[in-house]
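Novice: Structural data only, the sequence is not supplied:
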């Protein structure tokens with residue numbers, strides 16, 4: 001265990017994404033189809049927006 005080390009900045013498994021309202025609407029920047037807002041649950045580790053057509057996740061910054 002002498003070789004054990006930790007990162008200077010700890011790894012964050014659930015980033016602090018800004019979550020839109022559940023009734024928010026946006027279009028996919030890749031395929032132009034409507035996006036779906038994922039539910040903000042503690043066990044969910046993905047991004048807030050989901051495109052079911054191209055199967056990609058997005059943040060609010062990525063769709064702006």
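Specialist: Nice, I can see it. Bear in mind the structure is a predicted one, so any value in this text is a computation, not a measurement.

Novice: Now do the closest residue to residue 40 other than its chain neighbours against residue 8, distance only.
Specialist: The shortest distance from residue 40 to any non-neighbouring residue, by C-beta to C-beta, 6 or more residues apart in numbering, is to residue 19 (4.6 Å). For glycine as for every other residue, the C-beta is placed from the backbone atoms N, C-alpha and C. Distance of residue 19 to residue 8, computed by C-beta to C-beta, to the nearest Å: 29 Å.

Novice: more neighbours, the two?
Specialist: Neighbours were counted for residue 19 and for residue 8 using other C-beta atoms under 10 Å; residue 19 has more, 16 against 5.

Novice: Identify the residues contacting the more buried one.
Specialist: Residues near residue 19 by C-beta atoms under 8 Å, 6 or more residues apart in numbering: 37, 40, 48.

Novice: Show me where this protein dips below the pLDDT cut-off.
Specialist: Within the chain, the stretches with pLDDT under 70 are 1-2, 4.

Novice: Just the strands from it, written as ranges.
Specialist: Under the criterion DSSP state E, strands of the chain are mapped to 36-37, 49-51, 56-58.

Novice: between those, which gets nearest to residue 64?
Specialist: Among the strands of the chain, strand 56-58 comes nearest to residue 64, with 9.8 Å by C-beta to C-beta.

Novice: Mind giving me the packing neighbours of that closest one?
Specialist: Helices and strands touching strand 56-58, by 3 or more C-beta pairs under 8 Å, 6 or more residues apart in numbering; DSSP states H and E, are strand 49-51.

Novice: The strand it packs on pairs with which strands?
Specialist: Using DSSP bridges, the strands paired with strand 49-51 in its sheet are strand 36-37 (antiparallel), strand 56-58 (antiparallel).
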